[in-house]
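Undergrad: Next comes the sequence, and after it the predicted model I'd like to discuss.
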Amino acid sequence: MGDQTKIAFFGATSMSFGLSMLRDVFCSGELRGSTLVLVGRNPATLSKTAELAKLLNSKTGAGVIVEQTTDRRAALDGAEFVVNAMAIERNRLWQFDFAVPRKHGISHTLGENGGPGGLFFTLRTLPLVFDLVREMEELCPQALFLNFANPESRIILALGKYSSIRSLGLCHGIFMGQGDVARVMGLPSEQAQVWGTGLNHFQCLLQIRNRSTGEDLYPLLRKMEKDMILLLRR
């Protein structure tokens with residue numbers, strides 16, 4: 001990557017992924033000379049994000065060319081990477097994904113990626129994603145589609161079945177898992193060294209070790225997990 005590489009970032013004003021995406025781009029020396037096109041529907045919020053991106057670019061000396069547009073086709077034309085962080089009224093509709101199934105006796109965590117809530121989310125999100133992907137097939141068929149948006153696994157599964165576009169789902173689950181297992185064991189997060197595998201929300205921690213001693217921490221995690229379950233059942 002580098003010179004002449006064009007990255008189109010859809011959903012650039014996302015509260016969940018906008019800032020973290022900018023952080024990663026401007027901290028990567030490999031992206032120096034590339035063009036980052038920020039894409040959004042609201043010109044006002046998009047301009048604010050672009051101002052921040054240009055400030056970070058200047059402060060870090062990242063050497064990235066920052067552009068902004070509300071024109072989806074212009075952003076896609078010639079892109080090598082397309083990053084998706086779009087959602088439709090996420091917070092308002094997300095509440096329904098959880099509350100409606102619960103009203104009918106089905107309780108699940110968040111209702112975002114699995115169960116009936118995940119199905120609702122999928123049905124309203126896939127048309128949005130495929131509108132974008134069909135234009136990719138026309139304007140940048142060799143580009144790699146990097147998906148941050150949920151329902152992660154279902155979007156990638158659908159693209160694999162119904163589109164020729166290469167796609168990959170990325171999630172911070174491994175890093176969250178490191179913090180979660182450390183908390184269960186009563187350890188500082190940095191003390192738990194993990195080896196993980198899997199993308200698209202199918203992560204598995206293959207090894208959990210004490211970073212200082214190399215001790216296998218899986219036995220301790222299993223014990224602490226059983227203790228927590230017994231405590232919750234009381």
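TA: Arrived safely, thanks for sending. Residues are numbered from 1 along each chain as shown.

Undergrad: residue contacts, the residue lying closest to residue 77 once chain neighbours are set aside?
TA: Counting by Cβ to Cβ, 6 or more residues apart in numbering, residue 139 is the residue found nearest to residue 77 once chain neighbours are left out, at 5.0 Å. No exception for glycine: its C-beta is placed from N, CA and C like everyone else's. By Cβ atoms under 8 Å, 6 or more residues apart in numbering, residue 139 lies in contact with 73, 76, 77, 78, 79.

Undergrad: can you check residue 201 too?
TA: Going by Cβ under 8 Å, 6+ apart, residue 201 touches 113, 152, 153, 169, 171, 173.

Undergrad: That one and residue 42: what is the separation?
TA: For residue 201, the distance to residue 42 (Cβ to Cβ, to the nearest Å) stands at 28 Å.

Undergrad: How about the contacts made by the nearest residue to residue 41 once chain neighbours are set aside?
TA: The shortest distance from residue 41 to any non-neighbouring residue, by Cβ to Cβ, 6+ apart, is to residue 70 (6.2 Å). Neighbouring residues of residue 70 by Cβ under 8 Å, 6+ apart: 39, 40, 41, 43, 46.

Undergrad: and the first one, how many neighbours does it have?
TA: To tie it back to what came earlier, the one meant is residue 39. As a burial measure, residue 39 scores 25 neighbours (other Cβ atoms under 10 Å).

Undergrad: Dihedrals phi and psi, it?
TA: phi -120, psi 130 (degrees, to the nearest 10).

Undergrad: Over to the last one?
TA: Geometry field for residue 46 lists phi and psi as phi -60, psi -40, criterion degrees, to the nearest 10.

Undergrad: right, and residue 21 touches residue 85 too?
TA: Yes - Residue 21 lies in contact with residue 85 (Cβ atoms under 8 Å); the separation is 7.0 Å.

Undergrad: Residues in contact with stretch 26-37: which ones?
TA: By Cβ under 8 Å, 6+ apart, the list of residues contacting stretch 26-37 from outside reads 1-9, 25, 53, 56-57, 60, 62-69, 75, 79.

Undergrad: now do 7 Å
TA: By Cβ atoms under 7 Å, 6 or more residues apart in numbering, the residues outside stretch 26-37 that reach it are 1-3, 5-9, 25, 53, 56-57, 60, 62-67, 69, 75.

Undergrad: before we move on, what about stretch 166-173?
TA: Stretch 166-173 is contacted from outside by 144-148, 152-153, 155-156, 159-160, 199-201, 203, using Cβ under 7 Å, 6+ apart.

Undergrad: Can you say which of these are buried?
TA: By neighbour count, with 16 or more other Cβ atoms under 10 Å, these hold 144-148, 152-153, 155-156, 159, 199-201, 203 as buried.

Undergrad: From the residues you listed, which land in strands?
TA: 144, 145, 146, 147 (DSSP state E).

Undergrad: Pick the one among those closest to residue 190.
TA: Residue 190 lies nearest to residue 146 out of those, by Cβ to Cβ, at 27.5 Å.

Undergrad: ok, how many other residues are close to residue 192?
TA: Residue 192 is flanked by 23 other residues according to other Cβ under 10 Å.

Undergrad: Okay, strands next: where are they in the chain?
TA: Ranges of strands in the chain, per DSSP E, are 6-10, 35-39, 65-69, 81-84, 144-147, 166-169, 192-197, 204-210.

Undergrad: Put together CSV for these, with mean pLDDT and distance to residue 29 on each row.
TA: Listed next are the strands of the chain as CSV, based on pLDDT from 0 to 100; distance: least, Cβ to Cβ, whole Å:
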stretch, mean pLDDT, distance to residue 29
strand 6-10, 97, 15
strand 35-39, 97, 15
strand 65-69, 97, 15
strand 81-84, 97, 17
strand 144-147, 97, 19
strand 166-169, 94, 22
strand 192-197, 92, 25
strand 204-210, 94, 29
